[in-house]
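Asker: model the structure of this input:
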Amino acid sequence: MTRLALPHALILLLPAAGYGTFTRTDTWDFGFIASRHEDVRGNLHDKAVGPFYERVPGDDHPHGWAVRPVASTFENPDLGTSGYDIFWPLAISRDVREEEYRRALIFYSYDHGDDNPPRDRLWLFPFYFQGSDRQGEDYRALFPLYGSIHEFLGRDEISFVLWPLYSTSKLNDLETVNVLWPLISRTTGEDKYRARFFPFYGISRDEGKFDKRFILWPFWNDVTYHYPQSHGSGFVLFPLFGRLNLSTEKTTWVLPPFFRFTSGEERDIIHCPWPFFQWSSGDKEMLYLWPLWGNKKLGGLDRTFVLWPIFWHETDTHPEGETFRFRVWPIYTYYSLLSDPAESGEREKLAQRTKVWPLFSYRRYGEDSLFRFLELWPFRHADAVDRNIAPLWTLYARERSGENVDHEILWGLFRNQKRGDDYRYWSLFPLFDYERDARKEEVQGGWSILKGLIGWERDGERAGLRLLYFLKFGGEQKDDEP
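Answerer: The predicted structure follows:
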């Protein structure tokens with residue numbers, strides 16, 4: 001709490017010393033030193049010491065505070081989410097309705113909430129594990145000595161003694177025993193059996209589906225498929241030759257995986273050699289001249305690259321609409337989501353994201369948008385970045401919601417706010433500021449030089465001058481300016 005005393009005191013004391021232009025008592029502006037202003041959605045923001053302190057008070061809308069880059073908190077009543085970060089991403093806390101998640105370096109805890117039976121985890125990864133699974137069964141493990149871990153690595157349960165000397169795992173009806181993992185293993189289950197003495201010999205059987213085997217892996221692999229819709233057998237003698245002869249397709253490999261020739265009912269495939277030339281037709285159409293150019297079409301997906309991995313273009317048509325992506329790695333990314341024309345008769349842009357790294361980013365969802373310069377975060381947008389570090393490098397920001405627009409340069413050195421046609425405010429701290437508010441019956445506003453050294457104020461038809469911060473001269477005034 002001591003760390004927060006200075007910015008909170010600054011927020012409380014500055015309005016009393018302000019003698020500024022603002023006619024409203026709930027907002028004020030001392031540029032990058034400290035300010036209280038409304039954002040484009042009508043929520044108050046307290047800021048101090050440039051980008052280092054910010055607080056959004058309230059209870060019925062998203063709120064929280066940040067002392068950047070040390071710590072931040074947030075709460076969103078609409079989504080039922082809350083949490084905090086300490087030196088993000090080193091320590092984080094998230095509450096999503098009834099679920100609680102905590103992580104600090106390698107310490108991790110999770111509580112699923114009101115589950116019956118309860119489900120929770122307390123891990124010091126990768127050394128100590130304890131918790132209760134969705135069945136209400138408790139577990140503990142001290143890795144690699146002894147214990148059991150539930151719901152981990154895609155398994156229902158993993159148990160071990162002096163791992164990798166001995167371990168077991170369960171997944172649904174499958175039970176696996178490992179000795180000197182991954183050398184010796186045996187898996188049993190309903191209609192399934194797998195065993196291996198790696199790399200000398202291994203088998204895998206799924207009754208009614210397939211039988212697979214390897215001998216001196218990876219040199220010899222063979223398989224027999226029993227699916228009613230596609231059955232047959234095949235082998236691979238690595239790295240020389242391979243054949244797969246199914247009822248629905250025939251495949252030949254030469255120097256696998258470099259040369260492949262497949263002819264089938266659903267698709268034809270040629271790799272000659274892989275990955276430089278790849279071609280397929282049928283349910284998946286693809287032509288790759290890697291790394292120069294490539295195109296793949298599968299269902300509603302149409303993806304193209306040029307000079308892999310630099311240039312990427314992708315269009316994906318799905319029930320929600322159409323997604324478009326374009327990327328010039330690592331400098332430029334563009335994303336847009338268009339609505340389904342069947343919904344409204346024409347395509348509407350629902351969302352857009354643009355980033356020219358490290359210069360600027362722009363994102364829009366519905367009527368809300370944000371433009372930021374600079375943009376040093378190279379990855380996809382994350383709310384934690386916005387809360388904890390992005391304001392530190394944001395030299396200019398423009399935020400819009402409908403007809404409400406805010407511009408800010410150098411954390412408040414310059415501000416320009418517009419609320420439709422009824423409200424305007426702009427300030428160049430500490431030289432000049434101007435405000436006009438026509439959202440009530442009587443127009444309010446004014447201007448000032450050096451935060452009240454000289455200024456003019458208006459409250460309805462009453463207007464007057466202010467000199468030397470304390471002196472006021474005024475009377476009835478109907479003109480907009482004296």
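Asker: which SS class is Trp411?
Answerer: helix (DSSP: H, G, I helix; E, B strand; the rest coil).
Asker: and it, what pLDDT?
Answerer: Predicted confidence (pLDDT) for Trp411: 96.
Asker: again with His112
Answerer: 85.
Asker: quick check, it in contact with Asp120.
Answerer: Yes: at 6.5 Å, His112 counts as touching Asp120 under the criterion of C-beta atoms under 8 Å. Placement of C-beta: from N, CA and C, glycine included.
Asker: show me what Phe197 is bridged to.
Answerer: The partner list for Phe197 in beta bridges (DSSP bridges) reads Ile184, Tyr201.
Asker: can you pull out the low-pLDDT segments for the stretch 151-300 of the chain?
Answerer: Nowhere does the stretch 151-300 of the chain drop to pLDDT under 70.
Asker: gap between Pro275 and Ala91?
Answerer: 41 Å (C-beta to C-beta, to the nearest Å).
Asker: partners of the helix or strand hosting Phe305, with directions?
Answerer: If you go by DSSP states H and E, Phe305 is part of strand 301-306. Paired neighbours of strand 301-306 in the sheet (DSSP bridges): strand 293-298 (antiparallel), strand 311-318 (antiparallel).
Asker: between those, which gets nearest to Lys212?
Answerer: strand 293-298 (26.4 Å; C-beta to C-beta).
Asker: which parts of that closest one are buried?
Answerer: For strand 293-298, burial by neighbour count (16 or more other C-beta atoms under 10 Å) applies to 294, 296-297.
Asker: need those residues in JSON lines (columns: distance to Lys349).
Answerer: Converted to JSON lines, the buried residues of strand 293-298 look like this (distance: C-beta to C-beta, whole Å):
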{"residue": "Gly294", "distance to Lys349": "28"}
{"residue": "Lys296", "distance to Lys349": "25"}
{"residue": "Lys297", "distance to Lys349": "24"}
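Asker: and which of those is nearest Glu75?
Answerer: Lys296 (43.1 Å).
Asker: now do the residue most central in space within the chain against Leu145, distance only.
Answerer: Taking C-alpha atoms, centre = their mean as the criterion, Ala382 is the residue nearest the geometric centre of the chain, at 4.2 Å. Note on Ala382: its distance to Leu145, by C-beta to C-beta, is 37 Å.
Asker: and what of Asp138?
Answerer: Counting by C-beta to C-beta, the gap from Asp138 to Leu145 is 18 Å.
Asker: before we move on, what about Trp181?
Answerer: 15 Å.
Asker: now do Phe125
Answerer: 15 Å.
Asker: ok, Arg419 next?
Answerer: 64 Å.
Asker: these two - which one has more neighbours?
Answerer: Arg419 (20 against 11; other C-beta atoms under 10 Å).
Asker: contacting residues for the more buried one?
Answerer: By C-beta atoms under 8 Å, 6 or more residues apart in numbering, the contact list for Arg419 reads 403-404, 439.
Asker: can you tell me the closest non-neighbouring residue to Gly232?
Answerer: In space, Gly232 comes closest to Leu246 once its chain neighbours are excluded; the distance is 3.7 Å by C-beta to C-beta, 6 or more residues apart in numbering.
Asker: strands - which of the contacts of Arg419 land there?
Answerer: The strands, defined by DSSP state E, take in Asn404 from the contacts of Arg419.
Asker: out of the contacts of Arg419, which end up buried?
Answerer: Of the contacts of Arg419, these count as buried by 16+ other C-beta under 10 Å: Asn404.
Asker: with the contacts of Arg419 in mind, which one is nearest to Pro62?
Answerer: Using C-beta to C-beta, the contacts of Arg419 come closest to Pro62 at Asn404, 16.3 Å.
Asker: the closest one bridge partners, please.
Answerer: Under the criterion used (DSSP bridges), Asn404 bridges to Ser401, Arg419.
Asker: what distance do you get for it to Glu348?
Answerer: 21 Å.
Asker: go on, Thr304?
Answerer: In terms of C-beta to C-beta, Thr304 sits 25 Å off from Glu348.
Asker: which residues touch His174?
Answerer: Slight slip there: residue 174 is Leu, not His. So Leu174 contacts 187-189, 192 (C-beta under 8 Å, 6+ apart).
Asker: which residue, other than its chain neighbours, is closest to Ile203?
Answerer: Arg213 (4.9 Å).
Asker: wait, is that neighbour part of a strand?
Answerer: Yes: per three-state DSSP, Arg213 lies within a strand segment.
Asker: who does whichever helix or strand Thr252 is part of pair up with?
Answerer: Taking DSSP H and E as the definition, Thr252 sits inside strand 249-254. Strand 249-254 sits in its sheet next to strand 241-246 (antiparallel), strand 259-264 (antiparallel), going by DSSP bridges.
Asker: could I get the buried residue list for the last one?
Answerer: So that's strand 259-264. Buried, per 16+ other C-beta under 10 Å, within strand 259-264: 259-260, 262, 264.
Asker: and it, how far from the chain's centre?
Answerer: Its chain's C-alpha centre lies 39 Å from the corresponding centre of strand 259-264 when counted by C-alpha atoms, centre = their mean, to the nearest Å.
Asker: show me what that strand is in contact with.
Answerer: For strand 259-264, the surrounding residues in contact (C-beta under 8 Å, 6+ apart) are 246, 248-253, 268-274, 280, 282.
Asker: rewinding a little: quick check: buried residues in the strand holding Thr252?
Answerer: 249, 251-253.
Asker: circling back to that earlier point, nearest to Phe129, of the buried residues of strand 293-298?
Answerer: Lys296 (40.9 Å).
Asker: Gly64 touches Ser72, doesn't it?
Answerer: Yes: counting by C-beta under 8 Å, Gly64 does reach Ser72; the two are 6.6 Å apart.
Asker: neighbour-wise, which of the two wins?
Answerer: More crowded of Gly64 and Ser72, by other C-beta under 10 Å: Ser72, with 22 against 18.
Asker: before we move on, the earlier item: could you export the buried residues of strand 249-254 as CSV, including distance to Phe198?
Answerer: Shown next, in CSV, are the buried residues of strand 249-254 (distance: C-beta to C-beta, whole Å):
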residue, distance to Phe198
Glu249, 30
Thr251, 26
Thr252, 28
Trp253, 23
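Asker: among those residues, pick out the one closest to Leu240, please.
Answerer: Trp253 (9.0 Å).
Asker: the closest one: what's its closest spatial neighbour, skipping adjacent residues?
Answerer: Using C-beta to C-beta, 6+ apart, the nearest residue to Trp253 is Gly242, at 3.5 Å.
Asker: got it, and Pro256?
Answerer: Gly242 (5.0 Å).
Asker: tell me which residues touch that neighbour, please.
Answerer: 234-236, 251-253, 256.
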